[in-house]
Structure formats: structure tokens, C-alpha cells
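> what's the 3D shape of this:
(chains A and B)
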Amino acid sequence: MVPLSYYLVLSGILFACGVTGFLIKRNIITIFMSIELMLNGVNLSFVAFAAHWQVLAGQIFVFFVMVVAAAEAAVGLAIIIAVYRTRETLNVDQVNLLKL
Amino acid sequence: MLSVHLILFLAFGAVCVAGAVNLLVQRHPINSALSLIAVMAALAGEYLLLGAEFVAALQVIVYAGAIMVLFVFVIMLLNAGVEERTQGSRVAILIGVPGMLVGSVLVAWVVLRHSGTGSVPIGALPGPPKTIGQMLFHEFLLPFEITSILILVAIMGAVVLASKPPTSGDGSTQKVND
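Next up is the predicted model:
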């Protein structure tokens, strides 16, 4: 028997790590991976709550989060490729103009 | 008293946290991607402990399989190197790392203090994947169908964005807009 709060704390730590990566990283791909880490943290709390209250809908929500994450990854990485093609850099500090 | 369940939870949780911290510490994106895969595999273990076999399988197949392969593929395609430290990144580290510590401690304190005594037994979730499939196609049919439209739009968007601009001549050169 593991207390529900342990799962929530683990999920909170993962989310905080994701936020920190989003803030301190300067490589656009790593920033994107930090967003995936945040989504994983949220998924864990969904499943933990679903197990706690014996509701299966939590797993369905995790399913939808994963689908949205997959779509987001596909489009986001395509945008990163397009950015790299025009700017020749992956550093977000150098991607600060809307128009070249 | 440490039960087997708690020991397994702590082991998988330690791998999760170590991978997440390693993602932040590493400066080469490929190392960050590999540690993120470790985080996802350990999270699949946590889902198995909760009894969510469907989500655990999905986590390994979709996240650690498909999405991370996409990431690694793009990292290698763009030949991403070690990220350089700039003035902005120093300021971000100075503010971000204490911010994360404060945030984590705050979340842990609030959750541990206000969450009562609810606990989760091993394999607590009822229902096999069959039940989830039935829910998906009855109660959640509309979101499921909308999701398929989302996937279709994402595919088209990715193809349009990642394809080369049409006005670049023969398109045989590697970099078109120099």
C-alpha cells in the first residue's frame, strides 16, 4: 500500500523538472523534451487518481494526452526543422525575429 | 515497514527523478533524449504497479517508441551539438533551479499535508484493456473521432512544414535558404 500522495509528489517533481528544463535550456529540442516531461508528470497523476477512486476514465484521459503529445511532437519537430533551415541554429536566444 | 510495493515504487521513482535531473544537467541533446527514455520506461513501471497495463504498454510503445524515435531522428538530422552557455542561460539557471526546488518542496508539502490517509494497493485499477476499449467506443466516441481529425491535421501540417520550399529551384541541394 503506497499512499496516493507519494504518487502525486513524484508527479509534481517530474512536472517541476520539466518547467525548469523549459526555463534553463537553450536548445530548442531539449526545451521540447522538457514539455514531454511535463506531460508525463501529469499522466502519472491522472493514473494515480484513477487508481485511487477506481475510475477508468483517468486512463482514457491519459490516452488522449498521449495522442495530443504525439501530434504535437510531429508538428513541433517539423517547425524545428523549418526554423533550422532558415536560421541555421537551434539556440532559442538567436531565434528572436519573426521575419528574417 | 517497507513492503515490496513501496520498494518497487521507490526504485522506479528514483529512476524517474534521476532521469529527469539528468535531462536538465546534460548539455548534449542526445544525452537528454536518452535520459528521457529512461524516465518514460520507469514511468511505465509505475503504471504497472498501479494496475494500468494498457497505459503502461501505450507508454512504452507510443512515448518511448514512436515519439522519442522522432526526437532522436531530428537531433541526428539537424546534427545538434552541445548547447552553448549564453548570458540568458546563466540568468535562467540562476532563477530556474531555485524556482524548481521551491516549487517541488511546496508541492510536496501541500500534497503530503492535505491528502489525508488515502493509499493505493498494488494493481488497484479495475478493468482489463477490453473495458477501456468499450469505454473509448461508447462514452468517449466523439472525442475519439475528433482525435482522428487532429492526427490527420498534424500529419498534413508536419508534411507541409518539413517539406522544402517549392521556390528553391531543383531542390537537390542540402540547404536551400543560405
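> Tell me the first helix or strand C-terminal of the top helix by length along chain B.
With secondary structure taken from DSSP state H, chain B has its longest helix at helix B:87-114. Sequence-wise, the next helix or strand downstream of helix B:87-114 (DSSP states H and E) is strand B:119-120.
> Which secondary structure elements does the longest helix of chain B sit against?
helix A:4-24 (3 or more C-beta pairs under 8 Å, 6 or more residues apart in numbering or on different chains; DSSP states H and E). C-beta: built from backbone N, CA, C; applies to glycine.
> helix or strand right after the helix it packs on?
Next along the chain from helix A:4-24, counting by DSSP H and E, comes helix A:28-53.
> that older thread, give me the buried stretch members for the longest helix of chain B, please.
B:Ser89, B:Ala92, B:Ile93, B:Gly96, B:Gly99, B:Met100, B:Gly103, B:Ser104, B:Val107, B:Ala108, B:Val111 (16 or more other C-beta atoms under 10 Å in any protein chain shown).
> Relative to B:Cys16, which of those is nearest.
Looking at the buried residues of helix B:87-114 and their distance to B:Cys16, the nearest is B:Ser104, at 13.0 Å (C-beta to C-beta).
> neighbouring strands for the worst-scoring helix or strand of chain B on mean pLDDT, and are they parallel or not?
For chain B, using mean pLDDT, DSSP states H and E, the weakest element among its helices and strands is strand B:119-120, scoring a mean of 74. Using DSSP bridges, strand B:119-120 pairs in its sheet with strand A:2-3 (antiparallel).
> which residues touch the partner strand?
Applying C-beta atoms under 8 Å, 6 or more residues apart in numbering or on different chains, the contact partners of strand A:2-3 are B:His5, B:Leu6, B:Phe9, B:Leu49, B:Ser115, B:Thr117, B:Gly118, B:Ser119, B:Val120, B:Ile122.
> Quick one: mean pLDDT for the helix or strand where B:Val55 lies?
Following DSSP H and E, one finds B:Val55 within helix B:53-58. Mean pLDDT, computed over helix B:53-58, is 90.
> Kindly report the same for stretch A:8-23.
90.
> hmm, back to that, now the contacts of strand A:2-3 in JSON lines, please, with extra columns for neighbour count.
Below are those laid out as JSON lines (neighbours: other C-beta atoms under 10 Å in any protein chain shown):
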{"residue": "B:His5", "neighbour count": "16"}
{"residue": "B:Leu6", "neighbour count": "16"}
{"residue": "B:Phe9", "neighbour count": "22"}
{"residue": "B:Leu49", "neighbour count": "24"}
{"residue": "B:Ser115", "neighbour count": "16"}
{"residue": "B:Thr117", "neighbour count": "7"}
{"residue": "B:Gly118", "neighbour count": "11"}
{"residue": "B:Ser119", "neighbour count": "16"}
{"residue": "B:Val120", "neighbour count": "25"}
{"residue": "B:Ile122", "neighbour count": "17"}
